[in-house]
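Colleague: one predicted model, sequence on top.
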Amino acid sequence: MSIFFFGTTVLAQDTIMPLWPKDKIPNRIESEEKEEHVSEDIVRISKVQEPTIEVYLPAKKSATGAAMLIFPGGGYGILAYDWEGTDIAKFLNGKGIVGIVVKYRLPSDISQTEKWNVPLIDAQRALRLVRSKAKDFNIAPDKIGIIGFSAGGHLASTLGTHFDEKVYESVDESDKESARPDFMALIYPVITFTKSKKHSGSQKNLLGENPTQEMLKHFSNELQVISKTPPTLLVHAADDTGVPVENSLLFFQALKDKSVSGTMHIYPKGGHGFSLARKDPHLRGWTERLFEWIESLD
């Protein structure tokens with residue numbers, strides 16, 4: 001593994017870059033809170049203090065010029081970092097796509113101000129930073145997409161609908177870049193906080209115990225779709241009891257209402273959190289549908 005420091009130009013297959021200069025992380029409060037890693041069946045990361053992007057580059061000969069920023073899920077309480085992060089990046093590499101795992105900060109009352117904005121702050125910054133480094137990563141600056149799983153799907157859909165919202169002050173030249181993704185894939189995503197089919201755990205972790213109706217609507221992304229929201233692919237299982245399929249249905253309808261290109265694949269079985277679904281011959285087909293969809297956007 002190699003670490004990328006600002007001001008260097010050496011890049012490697014597995015490159016980790018800080019999202020922010022060390023003393024310029026927005027909304028940060030100095031505290032005793034420290035990042036935690038638990039590795040059991042999957043790698044779970046919590047209490048992120050210094051967000052990063054981890055860049056996986058495909059072989060140059062197979063590179064398509066496309067990239068996807070990956071937002072792992074975990075209910076805004078942890079990041080399922082390998083299961084819905086680095087495993088996805090490696091899989092994308094096999095199709096010639098640059099995979100970039102975003103280790104975003106999770107909402108914290110201890111180490112952050114306005115914690116509900118912090119994941120979006122990091123998401124906007126990640127997109128801008130990648131776009132500013134597009135040449136270094138052999139990426140076409142107009143082929144930078146995002147993919148999010150579960151609560152990471154909520155963050156991805158927040159970026160796809162709130163990319164123009166000013167949530168932090170510019171810190172360097174990278175922040176002059178657009179934060180709009182060129183395309184967006186939402187995999188069993190959390191979308192709504194205003195309907196009965198919401199995911200209460202994600203809502204509580206992001207917005208706290210007593211959010212206002214205004215905050216609930218602001219982060220219910222089916223209500224925030226605009227004509228500039230990027231083309232979107234939605235994947236969900238109808239038997240998902242963790243994040244009900246209605247979340248994807250609501251977002252798809254909102255895309256349709258705003259005449260935004262939307263594609264949706266609903267599988268009868270699969271539950272929640274299936275990631276690549278490599279052990280399910282039917283469900284694992286969603287990954288091929290993803291690549292077909294990306295190619296159809298060209």
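Modeller: Here it is on my side, so go on.

Colleague: tell me how far the residue nearest to residue 36 when sequence neighbours are not counted lies from residue 79.
Modeller: Using C-beta to C-beta, 6 or more residues apart in numbering and skipping residues adjacent in sequence, the residue nearest residue 36 is residue 46, 4.8 Å away. The way it works is simple: take the backbone N, C-alpha and C, and place the C-beta from them, glycine included. Distance, residue 46 to residue 79, using C-beta to C-beta, to the nearest Å: 7 Å.

Colleague: check residue 286 too.
Modeller: Residue 286 sits 21 Å away from residue 79, taking C-beta to C-beta as the criterion.

Colleague: also residue 103?
Modeller: When distance is defined by C-beta to C-beta, residue 103 is 7 Å away from residue 79.

Colleague: those two: who's more crowded?
Modeller: Per other C-beta atoms under 10 Å, whichever of residue 103 and residue 79 has more neighbours is residue 79, with 29 against 23.

Colleague: and the more buried one, how far from residue 96?
Modeller: 26 Å.

Colleague: could you give the mean pLDDT of the host helix or strand of residue 122?
Modeller: Assigned by DSSP states H and E, residue 122 belongs to helix 118-132. Across helix 118-132, the average pLDDT comes to 98.

Colleague: stretch 94-106 now?
Modeller: 97.

Colleague: first to last residue in that stretch, what's the distance?
Modeller: Length of stretch 94-106, first residue to last, C-alpha to C-alpha, to the nearest Å: 29 Å.

Colleague: which positions in it come out as buried?
Modeller: By neighbour count with 16 or more other C-beta atoms under 10 Å, stretch 94-106 contains the buried residues 95, 96, 97, 98, 99, 100, 101, 102, 103, 104, 105, 106.

Colleague: now, the most widely separated pair of those?
Modeller: Greatest spatial distance among the buried residues of stretch 94-106 (C-beta to C-beta): 96 and 106, at 31.4 Å.

Colleague: what's near enough to touch residue 264?
Modeller: 233, 234, 235, 236, 248, 249, 252 (C-beta atoms under 8 Å, 6 or more residues apart in numbering).

Colleague: sec struct for the fifth one, please.
Modeller: Spelled out, it's residue 248. helix (DSSP: H, G, I helix; E, B strand; the rest coil).

Colleague: I'd assumed residue 189 was in contact with it.
Modeller: Yes. Look at residue 248 against residue 189 with C-beta atoms under 8 Å: they come within range, at 6.4 Å.

Colleague: common neighbours of these two, please.
Modeller: 234, 236.

Colleague: what helices and strands are in contact with the helix holding residue 122?
Modeller: Packed against helix 118-132 by the contact rule (3 or more C-beta pairs under 8 Å, 6 or more residues apart in numbering; DSSP states H and E) you find strand 52-56, strand 67-71, strand 98-103, strand 144-149, helix 151-162.

Colleague: in this structure, which ranges drop under the pLDDT threshold?
Modeller: 1-13 (pLDDT under 70).

Colleague: show me where this structure has its strands.
Modeller: 2-3, 14-18, 36-39, 43-46, 52-56, 67-71, 79-80, 98-103, 144-149, 183-187, 232-237, 262-267 (DSSP state E).

Colleague: show me what counts as buried in the second one.
Modeller: Right, strand 14-18. Under 16+ other C-beta under 10 Å, the buried positions of strand 14-18 are 14, 15, 16, 17, 18.
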